[in-house]
Every structure is written in structure tokens, then in C-alpha cells.
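Engineer: coords please:
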Amino acid sequence: MQGRVGLFGGAFNPIHVGHLRVAEEALRQFELERVVFIPTAHPPHKEVEVPGELRLRMVELAVAGRPGFEVSRIEVDCPGPAYTVDTVERMKRRYPQGVVYIVGADAFAGITTWKDYQRLLRSCPFIVAPRKGIDPAIFRRPPYDQAEIHLLEMEPFEVSSSEIRQRYREGLPVEGLVPEPVDRFIREHGLYR
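Structural biologist: Below is the predicted model of the structure:
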């Protein structure tokens, strides 16, 4: 895994400190060359009320000045829904040193709902971040036996983006959950109200 590029896709609606912690641990534990965050504009599995361009900007603010982190527009610039299997193939051509896909255990547990999931499972190794309530033993059974899977050794981060959006809607504090520049951006733009 050493020297590969970690691809970290998601809605990032909004990006929070749990996402950053997962990326930091993947970078460190697997000696990746870098982690490229890939916000999607039109997630195929969910509706998002905040446009992709604004979520991309939040990710840029969150990773600014952090060594080893980059942001890609590859899915935001996609005119329709972007599918992970296609993004991975495009990124493999861009990074001949090899890629690995970083994903939370909760999302990965639903892989059979993803486009061409069997091809995706064979396309690159996966680094899976723990999530409470997801037993990592499921990743040793089909269809995951087609994939090279590495589990991140870290405590699960318990706060989700949906909980953070709810906190903004209810006017509850988000200190320590969202990077400060992202919090400022959310408040300046009146997001999640």
C-alpha cells in the first residue's frame, strides 16, 4: 500500500473532523503518498440540499494547509451522477503508482447497491474505517471476498454529517465537530438552516 494514492469520496455534507481523522489515519497507517478527497455533486444514493460546488469549497477549506491532502473536482464536474467505479478507473490512469479507496464501514456495508459493485470490488484495494454498529466480520464474506480490504485501526467517530446538519438546524453547538473555517463558511452562507 505504501506510496499509493488514497481516494476518499463522499457527499461531505458537510465535511467534519471524523472525515479528516479517517484520512489522517489512512495516510499514516498505510504510508500513502497522499489522500485525494472527492466530493460528489450528485450522489446516486441520496438527495443533498447543498450544491456540489459549495460542498467542494468546504472540503477545500477543511484540508487547506494539511500536508498530504488534496481535493479533486472530478465528480463535481461530472454532468450527471458520478459512480465510484468510473471515478476509480479514471483515477487509476491519473495515478499510475496505484490507488486505494477509503470508505466508511457503513457505506461499504451497502456496496451491493453501488453501480457495477463487483467490478468496483476488484478494481483497487479498500481501506475501511470503522463505524459503530458495523461488524467488520461481514467484510470477510461474499461479495467482499472479491476485494483486497484493509481495516483502519482507530476508534469509530460517532458523529455523522446528518447529525451535524441537525445541530445547525436546531442552533446547537458544533465546536470540535466541524473545522472552524468550514463552520464559518456554513454560517456565512446560511447552510443547513
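Engineer: The closest residue to Val159 other than its chain neighbours and Gly171: what is the separation?
Structural biologist: Once flanking residues are discounted, Val159 sits nearest to Leu177: 5.5 Å by Cβ to Cβ, 6 or more residues apart in numbering. (C-beta placed from N, C-alpha, C; glycine too.) From Leu177 across to Gly171, the span is 14 Å (Cβ to Cβ, to the nearest Å).
Engineer: any idea which element Trp59 lies in?
Structural biologist: You called it Trp, but residue 59 is Val. helix 52-63 (DSSP states H and E).
Engineer: Tell me which of Leu177 and Gly171 has more neighbours.
Structural biologist: Taking other Cβ atoms under 10 Å, Leu177 and Gly171 do not tie; Leu177 has more neighbours (19 against 7).
Engineer: where's the more buried one relative to Arg28, distance?
Structural biologist: Distance from Leu177 to Arg28, by Cβ to Cβ: 22 Å.
Engineer: and if you look at Val22?
Structural biologist: Distance from Val22 to Arg28, by Cβ to Cβ: 11 Å.
Engineer: of those two, who's got more company?
Structural biologist: Val22 (24 against 11).
Engineer: neighbours of Pro156, just the number please.
Structural biologist: Pro156 has 16 neighbours, counted by other Cβ under 10 Å.
Engineer: what's the answer for Ile38, then?
Structural biologist: 26.
Engineer: Please apply the same query to Pro143.
Structural biologist: Pro143, neighbours per other Cβ under 10 Å, totals 11.
Engineer: From Gly104, how far out is it?
Structural biologist: From Pro143 to Gly104 the distance is 18 Å (Cβ to Cβ).
Engineer: low-confidence ranges in the chain?
Structural biologist: Across the chain, the ranges flagged by pLDDT under 70 are 44-45.
Engineer: Let's see that with 80 instead.
Structural biologist: 42-47 (pLDDT under 80).
Engineer: which residues in it form strands?
Structural biologist: 5-10, 34-39, 69-71, 99-104, 126-129, 149-151 (DSSP state E).
Engineer: Reformat those strands as JSON lines; add distance to Cys78.
Structural biologist: Conversion of the strands of the chain to JSON lines gives the following (distance: least, Cβ to Cβ, whole Å):
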{"stretch": "strand 5-10", "distance to Cys78": "12"}
{"stretch": "strand 34-39", "distance to Cys78": "10"}
{"stretch": "strand 69-71", "distance to Cys78": "15"}
{"stretch": "strand 99-104", "distance to Cys78": "17"}
{"stretch": "strand 126-129", "distance to Cys78": "22"}
{"stretch": "strand 149-151", "distance to Cys78": "26"}
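Engineer: So which of those strands is nearest Gly110?
Structural biologist: Taking Cβ to Cβ as the criterion, strand 99-104 is the member of the strands of the chain that comes nearest to Gly110, at 10.2 Å.
Engineer: Next, the angle strand 5-10 makes with that closest one.
Structural biologist: 40 degrees (axes from the mean of the first three to the mean of the last three Cα atoms, to 10 degrees).
Engineer: List the pairing partners of strand 99-104 within its sheet, with orientation.
Structural biologist: Sheet pairing of strand 99-104 (DSSP bridges) gives strand 5-10 (parallel), strand 126-129 (parallel).
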